[in-house]
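Q: kindly return the folded structure for what I paste below:
(3 chains)
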Amino acid sequence: MISLSSYLFISFTLFVAGIAVMIARKNIIAMMLGIELILNSAALNFAAYTRFINNNLEGHLMSLFIIVIAAAEAAVGLAIVIRFFQIKETIHIDDAAQLQS
Amino acid sequence: MEYTISTIAPIVLLPFFAFVINAFIVKRFTTLAVIISCASIVGSFFYAARVFFDFLNVFSADYYIHKTFTWFDLSYGSFPFKMDMGIYIDNMTATMLFMVTGVASLIHIFSTYYMHDDKRYGRFFVYLSLFTSAMLALVLSENLISVFIFWELMGFCSYSLIGFYYEKEGAGNASMKAFMTTRVGDVFFLLGILAIWSVVGSVSFVDIYQAIGMGKFNGLYALGIPLATFAGFSVFMGTIGKSAQFPLQVWLPDAMFGPTPCSALIHAATMVAAGVYLSLRCYPLMEAGHLTTFIAYIGGITAFGAATIALVQTDIKAVLAYSTISQLGYMVLGVGVGSYNAAFMHLITHAVFKACLFLSAGSVIHSLHDHHTHAHVQEMPRMGGLKSKMPYTFLAMLFCTLAIAGIPFFSGFVSKDRILGDALLMALDNKVYWVPAVLGFGGALLTAFYMFRMMFLTFFGEPRDKELFDHTKKETLSWNRNLPLLILSLFTLGAFYSGSLTGQGFIKVAGEKYEWFQTLIEKPNLLKFNNKESQAFGFASNPSSETFQKSKYDSNHGLSAEKAHHVHHVHHIGALISIVIAFSGVFIAAMMYFWRSWNPGFWVSLFSRWYRALQNKYYFDDLYIKGFIQKGLLPLNNFLAFVDMGIYDRYAVDGWEKVNRVMFTMAKWFDNIIVDTVAVDGTGASVRFFNVILRTIQSGKIQFYFIMIILVLTGYIWTLNI
Amino acid sequence: MFENTLFFLSAALCIIGAAGVVFSKNLMHACVLLLASLFGVAGLYAVIGADFLAASQLVIYAGGVVILMLFAVMLTGGSSENSNKFGIEKIPGMGSTKTYVFAGFSVLVISFTILKLMANFMKSYTKGELPAFSSTVEKIGTLLVTDHVLAFEISSILLLGALVGAAVIARPRKG
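A: Numbering: from 1, shown residues only, chains lettered A, B, ... in the order given. This next block holds a predicted model:
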């Protein structure tokens, strides 16, 4: 039961959920939740492959770096969101359109 | 320690980086630049010493390091065109490295004394650094192309150093002359490299030895002469140019226009040594081309002829310059008569004592300052009696003079005597070699004579220019003036080079009888290179004591006992003759210039025609200028100028203009109609058209972009055939 | 048995949490559900013996990222007025019918695509056997400072940059 297929299926579910969140939400913070989901699905994939196929620790390292990057991304992203809110008083994604004239 | 290219590289790169750094900072921070130069060459010396003592520790004639990397590889199919660069270090290279870095360090240190008041004090060190690094790179090179590169680099450096005092009349011409004369040899050298390449397919020394060992040169002819002879001759022409041998010796005396330390560097450690080093490296090629007799003749003629010219020189540096040519002649003679290690040994010993001689001469010249012309005095007729003024310089110079004259217990005797002994041996075997052998012995007599003539004229007797003498300060010991002289004069003792004081026997060192020079320096062993495939080639790492037993000294050098006895016998005779000759040369000089019982003027008037010929250097300069340059080169140049201006310019260039006009008209039409109207404006219109379409897609809604990305990715994945 | 139980629990937590994130109407609830989903992922890591990874997942995500998210939610929803000076609601709704239609369409497309990609793996790697558990912390540490030391250093620089960048961006400014 604990097999590569099941892991791939779970990661697939997470990925699809993340994509759905990214597309369906208009709230920037909610979209970042989707990003976290997608990153997690990728990390899970790495861990599963390294466990079931070549059984070394390279995949773990890759997952670790993904977690690191996710943390950095969340910090900077949320900082941008808060700044954006301070300026525009909204976190609607369609309002962040100043560069599109 | 494992030697790789990167661990050897500092030997070359330290002086080179010193050059690069100093080239930028020398104007503002002169003292710092000088310190960098000196420190880098001393550091390089320590590296080289490490290599040298490692090789001495292994103590095996077969041991060498050969490491390469591919420089470029343009091979196509079965047509090889691959160039490797790298290092090739055997005992000879290690010894050369040690000698070059050591002598160059001392010359650097001396230069801080000699050049200190010069207005281009710093720049001199920039050139010195580049010069030394080029020489070191040449010594380390593993193939002829890289030898050629650094060879030319040294040519450039000698050009700049000889023309260092470019305000002086003649310095510019002298540097040009040195450059152009060596260029004649270089052209031949390049030709020789190409000939070798065409046969071997590579120019690596190892490959050349291997090819000769396998007989690849056999039966190949170019223009009716055997290719090995052609290649060997061409490479040897490089030596002739660089080492100032018989037909091309004219540049070296003129090189005296440079500062004295640079003369020391050119004459001792770098430039001229490179030529002999090259012919030693290519010795199997010379042997395969049956060129040894020719080489021996060139060497003998040079050794004797230059010595005769040196007899009549009055400039102290000119005497030393001609003695350099003469000694180089001995080295080439040694190559010619097959005494490989003696020729190399003479290269080393000569480098040491000639560097010391030049530095001593520099010390003398620097002290003699003419207050009327504000110039340093080099003319021996204005010197005399300087022994009391500069006792330390006198002692150093005396040691070196004893060495170069071939007095026993000094290095010059050890090496020169071996060359002469081998020449005698060859002459006994083959009558052809009598001429070089006799010329060699005659040259030895003249060497002893003119060197002691120089000593007596400079240091002994009454001062001939009283005012100059009185103005000269008494020598005080200073580290950068006397330390190099002291070290170099110490190393003129023969015991450092041979196992014994006389150079004929051997002494016990640490319970083992050996004589390192004779044992370590061997001809490149062709048999060793023959079976390259069968053994691990280029072994270099970890010379442990299990793999390399300290080889026992073989007193017969692989000869049979009977043969060896004969050789020793002949060598003893040769040694005896050299000793007699050296002392008689000293005696004649003393009779003429010390006790003054013989009048030199009588001999001059007796051989007045010869005297004039000698003063005019056998009319070589006149011959080259009147004969070759004015009769041959100038008409040729005029003819070429006529072809260029009268024919090529007038018809080809001007005719081309007419064609261009027609083409221009056509091109203008094409440009206006096709390019401008259709292509340029059409592009604009199409861009505008697509712009309208694409603008609608760029909505600014991130979710929409996501969907686009997903669709594109999906489309891509579905086209895959998984 | 224990492993199977843990696996089922974690998988269920993970999938249910993810689904909750998709369908929740409340941002705060979505954050908490995301936390549940991440806990599930940590459990999945633990099942396949990646103990260090599971621990990092818990510490960094649960302790760091989700808390950060919650703070951001709180900081952006403070005022009592619902719309800003432009007349747009401050906290937009968690989706409209139109976006859900697009999302559903995309999910269908991406599902089929990924299933096409994974089909081969599903066939060939249906079974995996688990060797005995051994701690990975030491090995990961060794790998990080030997083979992957460059990536390690670069990620440290990245984190520093993110730290400084976040501080610079979010700091209150006058005017």
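
Q: quickly check: the helix or strand harbouring A:Gly77 near chain C or not.
A: Assigned by DSSP states H and E, A:Gly77 falls within helix A:58-88. Yes. Shown here: helix A:58-88 in contact with chain C (CB under 8 Å from any CB of the partner chain) through A:58, A:60-61, A:63-65, A:67-76, A:78-83, A:85-86, A:88. Using the backbone N, CA and C atoms, a C-beta is placed for each residue, glycine as well.

Q: type out the ChimeraX command that picks the buried ones from those residues.
A: The ChimeraX command for the buried members of the residues of helix A:58-88 next to chain C (criterion: 16 or more other CB atoms under 10 Å in any protein chain shown) is given here:
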select /A:60,61,63,64,65,67,68,69,70,71,72,73,74,75,76,78,79,80,81,82,83,85,88
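
Q: so who does residue 48 touch?
A: You didn't say which chain, so I picked chain A. A:Leu4, A:Tyr7, A:Leu8, A:Ser11, C:Ile48 (CB atoms under 8 Å, 6 or more residues apart in numbering or on different chains).

Q: can you look at chain C instead?
A: Contacts of C:Ile48 by CB under 8 Å, 6+ apart are A:Ile2, A:Tyr7, A:Ala47, A:Ala48, A:Arg51, A:Phe52, C:Leu130.

Q: of the residues you listed, buried ones?
A: Buried members of those, scored by 16+ other CB under 10 Å, are A:Ile2, A:Tyr7, A:Ala47, A:Ala48, A:Arg51, A:Phe52.

Q: quick one: contacts for the residue of chain B found nearest chain C?
A: Residue nearest to chain C within chain B: B:Thr714 (4.7 Å; CB to the nearest CB). Residues in contact with B:Thr714 (CB under 8 Å, 6+ apart) are C:Val109, C:Ile110, C:Thr113.

Q: what of A:Val68?
A: Contacts for A:Val68 (CB under 8 Å, 6+ apart) come out as C:Ile60, C:Ser155, C:Leu158, C:Leu159.

Q: buried ones from those residues, can you make that a ChimeraX selection?
A: To isolate the buried ones among those in ChimeraX, judged by 16+ other CB under 10 Å, type:
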select /C:60,155,158
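
Q: show me the subset of the contacts of A:Val68 that also lies near chain A.
A: Counting by CB under 8 Å from any CB, the members of these near chain A are C:Ile60, C:Ser155, C:Leu158, C:Leu159.

Q: how about the residues of chain A near chain B?
A: Residues of chain A lying near chain B (CB under 8 Å from any CB): A:Ile19, A:Met22, A:Ile23, A:Lys26, A:Met31, A:Ile93, A:Asp94, A:Ala97, A:Gln100.

Q: please narrow those to those residing in helices.
A: Among the residues of chain A next to chain B, DSSP state H puts A:Ile19, A:Met22, A:Ile23, A:Met31 in helices.

Q: can you put those in CSV and add neighbour count and pLDDT?
A: Converted to CSV, those look like this (neighbours: other CB atoms under 10 Å in any protein chain shown; pLDDT from 0 to 100):
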residue, neighbour count, pLDDT
A:Ile19, 25, 88
A:Met22, 23, 87
A:Ile23, 26, 86
A:Met31, 22, 88
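
Q: out of these, who's nearest B:Ser202?
A: A:Ile19 (61.4 Å; CB to CB).

Q: got the contact list for the residue lying closest to that closest one once chain neighbours are set aside?
A: Once flanking residues are discounted, A:Ile19 sits nearest to C:Ile110: 5.7 Å by CB to CB, 6 or more residues apart in numbering or on different chains. Shown in contact with C:Ile110 (CB under 8 Å, 6+ apart): A:Phe15, A:Val16, A:Ile19, B:Ile710, B:Thr714.

Q: can you give me how far whatever helix or strand C:Ile110 lives in is from the chain middle?
A: Of the helices and strands defined by DSSP H and E, C:Ile110 is found in helix C:97-124. Centroid separation between helix C:97-124 and its chain, computed with CA atoms, centre = their mean, to the nearest Å, is 19 Å.

Q: what helices and strands are in contact with the helix or strand that contains B:Leu347?
A: Of the helices and strands defined by DSSP H and E, B:Leu347 is found in helix B:340-367. Helix B:340-367 makes packing contacts with helix B:91-114, helix B:260-264, helix B:271-281, helix B:316-336, helix B:391-405, helix B:411-429, helix B:479-490, helix B:516-520 when contacts are defined by 3 or more CB pairs under 8 Å, 6 or more residues apart in numbering or on different chains; DSSP states H and E.

Q: quick check: mean pLDDT of that helix?
A: Across helix B:340-367, the average pLDDT comes to 90.

Q: what's the angle from it to helix B:271-281?
A: 180 degrees (axes from the mean of the first three to the mean of the last three CA atoms, to 10 degrees).

Q: for chain C, what lies in contact range of chain B?
A: Counting by CB under 8 Å from any CB, chain C sits next to chain B at C:Thr99, C:Phe102, C:Phe105, C:Ser106, C:Val109, C:Ile110, C:Thr113, C:Lys116, C:Leu117, C:Ala119, C:Asn120.

Q: possible to save these as JSON lines with distance to B:Ile5 and pLDDT?
A: Formatted as JSON lines, these follow (distance: CB to CB, whole Å; pLDDT from 0 to 100):
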{"residue": "C:Thr99", "distance to B:Ile5": "64", "pLDDT": "77"}
{"residue": "C:Phe102", "distance to B:Ile5": "63", "pLDDT": "80"}
{"residue": "C:Phe105", "distance to B:Ile5": "63", "pLDDT": "82"}
{"residue": "C:Ser106", "distance to B:Ile5": "58", "pLDDT": "82"}
{"residue": "C:Val109", "distance to B:Ile5": "58", "pLDDT": "82"}
{"residue": "C:Ile110", "distance to B:Ile5": "54", "pLDDT": "82"}
{"residue": "C:Thr113", "distance to B:Ile5": "53", "pLDDT": "81"}
{"residue": "C:Lys116", "distance to B:Ile5": "53", "pLDDT": "79"}
{"residue": "C:Leu117", "distance to B:Ile5": "49", "pLDDT": "77"}
{"residue": "C:Ala119", "distance to B:Ile5": "53", "pLDDT": "75"}
{"residue": "C:Asn120", "distance to B:Ile5": "49", "pLDDT": "72"}
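
Q: ranking those residues by neighbours, who comes first?
A: C:Ser106 (23 neighbours; other CB atoms under 10 Å in any protein chain shown).

Q: who are the neighbours in contact with it?
A: A:Ile19, A:Ala20, A:Ile23, B:Phe706, B:Ile707, B:Ile710.

Q: is it true that the fifth one touches A:Met22?
A: No. Under the criterion of CB atoms under 8 Å, B:Ile707 lies out of contact with A:Met22, with a separation of 9.9 Å.

Q: could I get the pLDDT score of A:Glu36?
A: Reported pLDDT for A:Glu36: 91.

Q: for the helix or strand harbouring it, what is the distance to the chain centroid?
A: Assigned by DSSP H and E, A:Glu36 belongs to helix A:28-49. Centroid separation for helix A:28-49 versus its chain: 3 Å, with CA atoms, centre = their mean.
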